[in-house]
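**Q** output the structure for:
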Amino acid sequence: MLRQAGLIYAARDPLDARWVQYSVDEKALAELRVWLMAFLDPTRIKPRLPECGPRIAAGRRRWAGQAGNSAADAEATVETRSPANRPIEAAQQEER
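**A** Next comes the predicted model:
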């Protein structure tokens, strides 16, 4: 695999083909190191807001705690927006 990636050279011994001699391609290894350092640079990682998990659930609880909002309203909002609940949403509208 390393040979296919161009990171090492392999050559059979001219006197005994059972032996394989390997050497590192230092230039290719240096290029890979530069690329990896740029790819893994922590300054490339931007902050983002979570889309699920306990922080989102906590946000629903905060929303429910505001005047005029109930916990049931918060749960209903989340449940009806779920793609899995689209048939339920359609049935509820037919009942109305």
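**Q** where do the strands sit along this protein?
**A** 8-12, 20-24 (DSSP state E).
**Q** now the lengthiest helix in the chain against strand 8-12, angle please.
**A** Of all segments of type helix in the chain, defined using DSSP state H, the longest is helix 26-39. Using axes from the mean of the first three to the mean of the last three CA atoms, to 10 degrees, the direction of helix 26-39 lies 150 degrees away from that of strand 8-12.
**Q** for helix 26-39, give the mean pLDDT please.
**A** Regarding helix 26-39, the rounded mean pLDDT is 93.
**Q** dump the strands of the chain to TSV, plus distance to residue 56 and mean neighbour count.
**A** All C-beta atoms are positioned from the backbone trio N, CA, C, and that covers glycine. Shown next, in TSV, are the strands of the chain (distance: least, CB to CB, whole Å; neighbours: other CB atoms under 10 Å):
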stretch	distance to residue 56	mean neighbour count
strand 8-12	48	12
strand 20-24	48	10
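**Q** with distance to residue 48 added, can I get the ones you listed in CSV?
**A** Below are those laid out as CSV (distance: least, CB to CB, whole Å):
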stretch, distance to residue 48
strand 8-12, 39
strand 20-24, 39
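**Q** of all the ones you listed, which one is nearest residue 2?
**A** Closest approach to residue 2 among the strands of the chain (CB to CB): strand 8-12, 4.7 Å.
**Q** circling back to that earlier point, output the contacting helices and strands for the longest helix of the chain.
**A** Applying 3 or more CB pairs under 8 Å, 6 or more residues apart in numbering; DSSP states H and E, one finds that helix 26-39 makes contact with no other helix or strand.
**Q** was I right to think residue 24 contacts residue 8?
**A** Yes: between residue 24 and residue 8 there is a contact at 5.6 Å, judged by CB atoms under 8 Å.
**Q** enumerate every residue touching residue 37.
**A** Counting by CB atoms under 8 Å, 6 or more residues apart in numbering, residue 37 makes contact with nothing.
**Q** done for today, thanks.
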